[in-house]
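1. build me a structure from this.
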Amino acid sequence: LPILIFDMIFSPPNDGDPAFHAALDRYHDKVVLGANFDMANSAQAVTPNNTLIPPPQLQDDRVGFVNFWTDPIDGKIRAATYRVTDRQLAGLPSDSSEEVYQSLSARALAKIGHANDVPHDFRGHMIRFTSADAFAPRPLYEVFDPKFWHANYADGAFFKDKIVMIGSSAQVMHDVFDTPMSPTTSGPALHLQAMAAAMNHEFLRPTPAKASLALVGAAGLVAWSLVAFLRRPLLCLGALVLITAVYLGAARLSYDRTGLLLLTVPVLSALLLSGLFSLGLEYAIERLEKLRTRR
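-> Below is the predicted model:
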């Protein structure tokens, strides 16, 4: 049987809830439903209704929160948070004694035997995105149309041992998010991206703060040393360009091979600005010396 993940929150009661409840119980190990922390209302939890999943819903392994948190700088979603606590939702440091809530992707990974791949901390992990069209949506109506069900899905055989994410992909439903890959990444695709990153351990890491300061300082020192010891402007400019190209190549290689986001713009800015300033200062001192000797 496939794993069914509903990127949907069945909070309002519906007529079909008793039948849905029976199906959820029958396929307990094959299904995950969404819940949501309403951050506009003090992180109030919005969960599947009590008929579908008895409370406390967020402690049931069939329920996971669907929230992603945006980057405070530009509002894009770059990271996935797989576990949160109430203190963390309130902006306070998390405590190990608190109740832990699992994300939708974390619950789904556990259902397919990848629980150990889920990060066990409470911070956001920058994920390496796959291509924007890696998880193309399929129209839901095809599942209920006998002709499409037979032609496109071989009467259900197509879904054997697959992960099926059920959710909205239409922009009119507003379940779209701004990510580095696309400003209109659908919610279901975003959850699948988070699952794929965890399964393959494809997380990105920023350069540590101390290493960043050291790199910026080293860049300035290298630029000053070139000007001070080479004392040939054109050779210095060529060396600066060469170092810049090598550093950019190292940054790309680091990103591709290890997931380390090597600090680039501040380091190269320090290198080039320090180099140009040192060259300008050297030129000014030389001109002043020539004027002094003429007198």
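2. can we go C-alpha only for contacts and neighbour counts from here?
-> Noted.
3. give me the phi and psi for M126.
-> Phi and psi for M126, reported as degrees, to the nearest 10, are phi -60, psi 130.
4. ok, and the closest non-adjacent residue to it?
-> Spatially, and ignoring its direct neighbours in sequence, M126 is nearest to A79 (3.9 Å; C-alpha to C-alpha, 6 or more residues apart in numbering).
5. pretty sure the one you found contacts W69?
-> Yes - if you go by C-alpha atoms under 8 Å, A79 and W69 touch, sitting 7.4 Å apart.
6. settle it for me: which of those two has more neighbours?
-> Neighbour count, other C-alpha atoms under 10 Å: between A79 and W69, A79 has more, with 21 against 14.
7. report the contact partners of the more buried one.
-> When contacts are counted by C-alpha atoms under 8 Å, 6 or more residues apart in numbering, A79 touches F68, W69, T70, G124, H125, M126, I127.
8. and the first one, which of the three is it?
-> State at F68, reduced to three classes by DSSP: H, G, I helix; E, B strand; the rest coil: coil.
9. that one and A110, how far apart?
-> Taking C-alpha to C-alpha, to the nearest Å as the measure, F68 falls 19 Å from A110.
10. next one: the second one
-> When distance is defined by C-alpha to C-alpha, W69 is 22 Å away from A110.
11. cool, and the last one?
-> Using C-alpha to C-alpha, one obtains 19 Å as the distance from I127 to A110.
12. of those two, who's got more company?
-> Comparing I127 with A110 by other C-alpha under 10 Å, the one with more neighbours is I127, at 22 against 15.
13. now that one: phi and psi?
-> Phi and psi for I127, reported as degrees, to the nearest 10, are phi -100, psi 150.
14. can you list the buried residues in stretch 97-107?
-> Buried residues in stretch 97-107, counted by 16 or more other C-alpha atoms under 10 Å: V100, Y101, Q102, S103, L104, S105, A106, R107.
15. pull the most distant pair out of these.
-> V100 and S105 (14.7 Å; C-alpha to C-alpha).
16. for the stretch 151-295 of the chain, which segments count as helices?
-> Secondary structure of the stretch 151-295 of the chain (DSSP state H, counting those that start in this stretch): helices at 187-199, 209-230, 233-258, 265-294.
17. and the angle for the third one with helix 265-294?
-> Angle, helix 233-258 to helix 265-294, by axes from the mean of the first three to the mean of the last three C-alpha atoms, to 10 degrees: 170 degrees.
18. show me the contacts for R78.
-> Listed by C-alpha under 8 Å, 6+ apart, the contact partners of R78 are T70, D71, H125, M126, I127, T179, P180.
19. what's the distance between it and S212?
-> R78 sits 20 Å away from S212, going by C-alpha to C-alpha.
20. go on, L273?
-> Per C-alpha to C-alpha, L273 is found 17 Å from S212.
21. and if you look at Q59?
-> 40 Å.
22. switch the contacts of R78 over to a markdown table; also include distance to H201.
-> Listed next are the contacts of R78 as a markdown table, based on distance: C-alpha to C-alpha, whole Å:
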| residue | distance to H201 |
| --- | --- |
| T70 | 21 |
| D71 | 21 |
| H125 | 10 |
| M126 | 11 |
| I127 | 9 |
| T179 | 19 |
| P180 | 19 |
